[in-house]
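Visitor: next come a sequence and a model predicted from it.
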Amino acid sequence: MINIEWKQPELILLDQTKLPTDIHYIRCTDWRQVAEAIKMLRVRGAPAIGVAAGYGFILAATEATQSNHPFSEQLSQFYEFAEELKETRPTAINLAWAVDRVLTLVKASISDNAITNGEALINLITKEAEEIHREDIALNHAMAKAGATLFEGQSNIRMLTHCNAGALATGGLGTALGVIRELHANGQLERVYADETRPLLQGARLTALELHEDGIPVTLQTDNMAAYAMQQGLIDAIIVGADRITTKGDVANKIGTYGLAVLAKHHNIPFYVAAPYSTFDFTLQDGKDIPIEMRMAEEVWNFHGIQTAPSDIGILNPAFDVTPHELVTAIITEQGVLKPDYEASIAELQSKVQK
């Protein structure tokens, strides 16, 4: 299943809220449709929303430059659209990264007089959006190879994962699931245990679907069965994706990740995070400063039109939690595997990529 495809003048997105029973595509001709798709998790996963936002910019620039206003006014409207798109998911840093990357390029090109009209603006953004997508595909493969080095000489590996960090969450083959796919291709993987990932069941609807379609043995479990699986010796390692990583190595990921990390520490099970460079927030040191998105109550008391709890009670629905760096065994990136001291290894990563 292709989850993101740019076909001028449309961005085609797989509506992941309808999986696994219905394969439905959204044809976006307006940047607001892209923003809504990101907000409502029709497209989700930190890298994937960064890629989608890049293409959403093409639509925003197209709308802004259709007026007869001077180019300077068209640019101002484009910047307004960009900021609205950026605010749709506050925790996933890849979205802001993609927005800032495109805006930095646009502003530099304007300053150099490289673009002076709407057509040039659209062409510039289109090339950059396509490059972001190509990069994501390549770095997914690099991450998979890097992650596999952690398991050299091992066989019959039983891995636990949470939420969905696969092809559906990226422009390529996945972050955490990319590593899992590499281990499977190497003949080292025995089985994957996938948490349902409540309340929206991304693990059940998406991860289990991806793995099953690839012929990778997968066992689905509810989130509160993870401790039992570890206690029974069924899990050799845990691997998850990330939505934001600070310079200390604190990791924001789908709600429930922190609990898994605590359990892994107790059971002496390695806890790995797979994420590209774009997921690192070099402006934040401590995880407590990561903004946590609080989502609508309906996601908890209702699922796919079926009411599962009283609708007029208090609901706590954070989309993410933060795992302290002390609980993270290693962070897998496209540049290699980072290990503690994370402040030093992440600073080295930043230096390497920015050269």
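Guide: Yep, it's here.
Visitor: only C-alpha atoms from now on, for both contacts and neighbour counts.
Guide: OK.
Visitor: could you pull out the helices in the stretch 201-350 of the chain for me?
Guide: For the stretch 201-350 of the chain, applying DSSP state H, counting those that start in this stretch gives helices covering 202, 208-213, 226-231, 257-266, 298-301, 342-354.
Visitor: next, give phi and psi for E131.
Guide: The phi/psi pair for E131 (degrees, to the nearest 10) reads phi -70, psi -40.
Visitor: re the thing from before, deepest of the helices of the stretch 201-350 of the chain, which one?
Guide: The highest mean neighbour count among these, using mean count of other C-alpha atoms under 10 Å, belongs to helix 202: a mean of 25.
Visitor: enumerate every residue touching the nearest residue to L19 once chain neighbours are set aside.
Guide: Using C-alpha to C-alpha, 6 or more residues apart in numbering and skipping the chain neighbours, the partner closest in space to L19 is R205 (5.9 Å). Contact partners of R205, counting by C-alpha atoms under 8 Å, 6 or more residues apart in numbering, are 19-20, 196.
Visitor: highest neighbour count among those residues?
Guide: Counting neighbours by other C-alpha atoms under 10 Å, E196 leads the contacts of R205 with 25 neighbours.
Visitor: now the helices of the stretch 201-350 of the chain as CSV including mean pLDDT and distance to D30?
Guide: Output for these, formatted as CSV (pLDDT from 0 to 100; distance: least, C-alpha to C-alpha, whole Å):
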stretch, mean pLDDT, distance to D30
helix 202, 97, 26
helix 208-213, 97, 29
helix 226-231, 98, 42
helix 257-266, 98, 34
helix 298-301, 94, 26
helix 342-354, 93, 33
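Visitor: which residues of this protein score low on pLDDT?
Guide: The model of the chain has pLDDT under 70 over residues 355.
Visitor: in it, which strand has the most residues?
Guide: strand 189-195 (DSSP state E).
Visitor: what's the spacing between the residue nearest the centre of the chain and T170?
Guide: The residue lying closest to the centre of the chain (C-alpha atoms, centre = their mean) is A46, at 2.0 Å. Per C-alpha to C-alpha, to the nearest Å, A46 is found 7 Å from T170.
Visitor: H212 touches V218, doesn't it?
Guide: Yes. Contact criterion C-alpha atoms under 8 Å: H212 and V218 qualify, at 6.7 Å.
Visitor: ramachandran angles for the residue of the chain positioned farthest from its centre?
Guide: Within the chain, the residue lying farthest from the chain centre (C-alpha atoms, centre = their mean) is N68, at 37.9 Å. Torsion angles at N68 (phi, psi; degrees, to the nearest 10) stand at phi -90, psi 10.
Visitor: next, the residue lying closest to I137 once chain neighbours are set aside: secondary structure please.
Guide: Distance criterion C-alpha to C-alpha, 6+ apart; nearest residue to I137, sequence neighbours excluded, is G172 at 4.1 Å. What DSSP: H, G, I helix; E, B strand; the rest coil gives for G172 is coil.
Visitor: G172 - how many residues pack around it?
Guide: Neighbours of G172 (other C-alpha under 10 Å): 24.
Visitor: check contacts around it.
Guide: Counting by C-alpha under 8 Å, 6+ apart, G172 has contacts 136-138, 140-141.
Visitor: check L349 too.
Guide: 277, 335.
Visitor: from D289, how far off is it?
Guide: According to C-alpha to C-alpha, L349 and D289 sit 21 Å apart.
Visitor: likewise for M143?
Guide: 27 Å.
Visitor: so which of those two has more stuff around it?
Guide: Between M143 and D289, counted using other C-alpha under 10 Å, M143 has the larger neighbour count: 25 against 10.
Visitor: so which residues of the stretch 51-200 of the chain form strands?
Guide: Secondary structure of the stretch 51-200 of the chain (DSSP state E, counting those that start in this stretch): strands at 157-161, 189-195.
Visitor: neighbouring contacts of the shortest one?
Guide: Contacts of strand 157-161 from elsewhere in the structure, counted by C-alpha under 8 Å, 6+ apart, are 176, 188-195, 234-240.
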